[in-house]
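**Student:** Got a predicted structure here, sequence first:
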Amino acid sequence: MFPKLFDFSLPDFLASLFGVEQVTVYSYATLIALGTLIAALYTKRSAKKGLGITKLSNSFFYGIFAAGFVGGKLFYYLQDPLLYMQDPSLMSNNFSGGFVFYGSFVVIVPYVIWYLKKHDIPVLPMLDIFAVTTTIVHAIGRLGCFAAGCCYGAPTDSSIGLIFPTTHGISVHPTQLYEAMLLLVIMAILLVVKKYKQFNGQVFFLYLMLYAFGRGILELFRGDDRGFVIENILSHSQFIALCLISVSAYFYYKIYKQININTLNT
């Protein structure tokens, strides 16, 4: 794996200013930044083309990036809080991996809804766009996980198994690549549904259900220790996935049913 892209030394005046002589550029952080850039461009283009919205400022996307960073890291630390309480220095390595997607998600969504309402931008149509946006960032981010050697799978004798630096010579499932492929399939489905959608929010709720279902299955192949709600039966991510499927299915059905009733009454 390639957790580090390269190192470079700062000029003397910058080194004295920041107190750092050498800077490391990590693969994970680079791919996250790349995914965020591509996703932001897609979001602006889709909002302008589909909704005529041109007032999505760059600060909005900076806020999304910050919210995702904070949420992803917070949930990562909460997987084993005693470890980080006993050795806070472990929290300093913030750019080489170690994020929880659902942590980023549950912080980003309220921020996005708040921003959209504040600027009088229709929420559900924009969330449909953000559903596709999320798959872009997430798929590229999983490639970052692969490069960093985190989020690996359980041991396997299969020919597709790979050895990561942190698996101690044991071949494991490359679940990062499995998830990247899953996200690409979900993205393709969403783009088709988006073209023929029957109601605003349909793409977003469908994304939540599809990803949650796929993630729940992928958890069966994961091998890194991330904690369980029910020991060795139900992981944190599977529990969140079940909650998202239930809530999303409820709102999907509720809106779909209301549209059918309105159609019959017209």
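**Tutor:** Noted; the coordinates are in hand.

**Student:** now the helices: where do they sit in this structure?
**Tutor:** 12-18, 27-51, 58-78, 81-86, 101-118, 123-148, 175-196, 202-218, 236-265 (DSSP state H).

**Student:** where does the stretch 1-150 of the chain dip in pLDDT?
**Tutor:** Filtered on pLDDT under 70, the stretch 1-150 of the chain yields the residue ranges 1, 79-99.

**Student:** count of residues packed around Leu208?
**Tutor:** 23 (other CB atoms under 10 Å). C-beta coordinates here come from the backbone N, C-alpha and C atoms, glycine included.

**Student:** Please read the previous query as pertaining to Ala33.
**Tutor:** A count of nearby residues for Ala33, using other CB under 10 Å, gives 13.

**Student:** do Ile129 as well
**Tutor:** By other CB under 10 Å, neighbour count at Ile129 equals 23.

**Student:** Next one: it from Ile140, what distance?
**Tutor:** 17 Å (CB to CB, to the nearest Å).

**Student:** Next, count neighbours for Phe204.
**Tutor:** Neighbour count of Phe204, defined by other CB under 10 Å: 27.

**Student:** thinking it is in contact with Leu127, fair?
**Tutor:** Yes. Contact criterion CB atoms under 8 Å: Phe204 and Leu127 qualify, at 4.0 Å.

**Student:** Could you name every residue contacting both of the two?
**Tutor:** Taking CB atoms under 8 Å, 6 or more residues apart in numbering as the contact rule, Phe204 and Leu127 touch no residue in common.

**Student:** mind listing what Ala39 touches?
**Tutor:** Ala39 touches Thr133, Thr134, Ile136, Val137, counting by CB under 8 Å, 6+ apart.
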